[in-house]
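S.K.: Next comes the sequence, and after it the predicted model I'd like to discuss.
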Amino acid sequence: MRVEFNEEFGLPVEEVYPYFRSPEDWPRLFGAFGPAEDRGQGWHAVPLRGFPFPLVARITTDEPMKHVRWQFEGFWCGVGQVSFAPTSHGVVIRGFEEVSPRPLLFLAPLAERLFLAKRLESVWESGWRRLRRQAATRHSSAPPLSGEAL
């Protein structure tokens, strides 16, 4: 199953990039994840609420403030990536995640369609909501621009 995204946020890339630097950081953004467990050699097990098997992931490419790519192993197989494009108002995050339950082989497409696709999309959407709230909070507490009425 593949989830693609192209989202814009009123936050600087410096505030968004740290959420993606390591699977250890993912639970800070995605409420569906529990605390990550270090498995060594860059691998982390990240529990996904409602699923018996954690996402076991590691970062394979990290270009700070530009691009992060990861891969999965174990029960889940696949890859994902995000790219950051600064804009005049914040940052655009583009990317995708492809993930599939390895042991299901031929049944994987059916399981993905019936059970997993909506769940994976809701995990990503929860992160986007968190970033939107963070941007709204940031902008509502910003001091007025010079010349603006108080």
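M.R.: Looks like it arrived, so ask away. Residues are numbered from 1 along each chain as shown.
S.K.: tell me the pLDDT at the residue nearest to residue 62 when sequence neighbours are not counted?
M.R.: Among residues not flanking residue 62 along the chain, residue 68 sits closest, at 5.4 Å (Cβ to Cβ, 6 or more residues apart in numbering). No exception for glycine: its C-beta is placed from N, CA and C like everyone else's. At residue 68 the predicted local confidence, pLDDT, stands at 98.
S.K.: After the helix or strand hosting residue 68, which helix or strand is next?
M.R.: Using DSSP states H and E, residue 68 maps to strand 67-73. Using DSSP H and E, the helix or strand that follows strand 67-73 in sequence is strand 76-86.
S.K.: orientation of that following strand relative to strand 67-73 in degrees?
M.R.: For strand 76-86 against strand 67-73, the angle by axes from the mean of the first three to the mean of the last three Cα atoms, to 10 degrees is 170 degrees.
S.K.: Summarise which helices and strands strand 76-86 is packed against.
M.R.: If contacts are counted by 3 or more Cβ pairs under 8 Å, 6 or more residues apart in numbering; DSSP states H and E, strand 76-86 sits against helix 13-16, strand 55-63, strand 67-73, strand 91-101.
S.K.: If we use 6 Å, what do you get?
M.R.: With contacts defined as 3 or more Cβ pairs under 6 Å, 6 or more residues apart in numbering; DSSP states H and E, the packing partners of strand 76-86 are strand 67-73, strand 91-101.
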